[in-house]
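**Student:** the amino acid sequence is not available; the structure is as follows:
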């Protein structure tokens, strides 16, 4: 049975978190993690923080080998970074343990993560790895469920909201009654952030409803 862990990490304990600085209102939302053969590349949004100042601070972090701007929108910037696996902590541990990132966001005070692992053993390996790296996890909730038992199908509140509003406004209809921009405006996020939530939510629903296998 799968195991989901909800935990927090002090912002000061993470390279990306420290790069937010102390600017009031600055926050970070992880878009996705891409593991490679020897490192991890996270894509993430930074809001209410000067992108050049953020990038300069991130480049001073030993855990970050490279960082680049992918896209700019009003109030936010999408970044891609390449991790030094010898120095990286939480994100590398998630990828190494094959955890499925459900949600991750940071303020100037703390990171909050929701991660699903295939079983308790994988979740335990993740926690052990973090302990060995000195990552100060604060576990808030651990739940265990089969793919058919989770009452939210593994969706985060944000993913559930995005899917529900998109459905109610006719985004999934043909022809569409609402555009991505319409739905994003109602929720109060950017179209790019909404697209990410819809993509991750749909992928989770496919996994949880056993629709990922090709027809025989």
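**Tutor:** Perfect, thanks for sending it. Note that the structure is predicted; figures quoted are calculated from it, not measured.
**Student:** for the chain, which helix is longest?
**Tutor:** Across the chain, the longest stretch assigned as helix under DSSP state H is helix 191-208.
**Student:** buried ones in that helix?
**Tutor:** 192-198, 200-201, 204, 207-208 (16 or more other CB atoms under 10 Å). Every residue, glycine included, has its C-beta placed from N, CA and C.
**Student:** and which of those is nearest residue 93?
**Tutor:** Proximity of the buried residues of helix 191-208 to residue 93 (CB to CB) peaks at residue 200, which lies at 19.5 Å.
**Student:** mind listing what that closest one touches?
**Tutor:** Residues in contact with residue 200 (CB atoms under 8 Å, 6 or more residues apart in numbering) are 32, 102, 159.
**Student:** out of the residues you listed, which is most surrounded?
**Tutor:** Among those, the one with the most neighbours (other CB atoms under 10 Å) is residue 159, at 24 neighbours.
**Student:** so that residue: helix, strand or coil?
**Tutor:** helix (DSSP: H, G, I helix; E, B strand; the rest coil).
**Student:** what about the residue nearest to it when sequence neighbours are not counted, distance to residue 40?
**Tutor:** Leaving aside its sequence neighbours, residue 159 sits nearest to residue 201 (CB to CB, 6 or more residues apart in numbering; 3.5 Å). Distance of residue 201 to residue 40, given as CB to CB, to the nearest Å: 22 Å.
**Student:** what's the answer for residue 143, then?
**Tutor:** Applying CB to CB to residue 143 and residue 40 gives a distance of 25 Å.
**Student:** neighbour count: the two, which is higher?
**Tutor:** Shown here are residue 143 and residue 40; by other CB under 10 Å, residue 40 has more neighbours (20 against 15).
**Student:** so what pairs up with that one in the strands?
**Tutor:** With DSSP bridges as the criterion, residue 40 is bridged to residue 35.
**Student:** wouldn't residue 89 be in contact with residue 16 here?
**Tutor:** No. Here residue 89 does not reach residue 16: they are 10.3 Å apart, not a contact under CB atoms under 8 Å.
**Student:** looking at these two, which one has more neighbours?
**Tutor:** residue 16 (27 against 20).
**Student:** doesn't that one belong to a helix?
**Tutor:** Yes. The assignment for residue 16 by three-state DSSP puts it in a helix.
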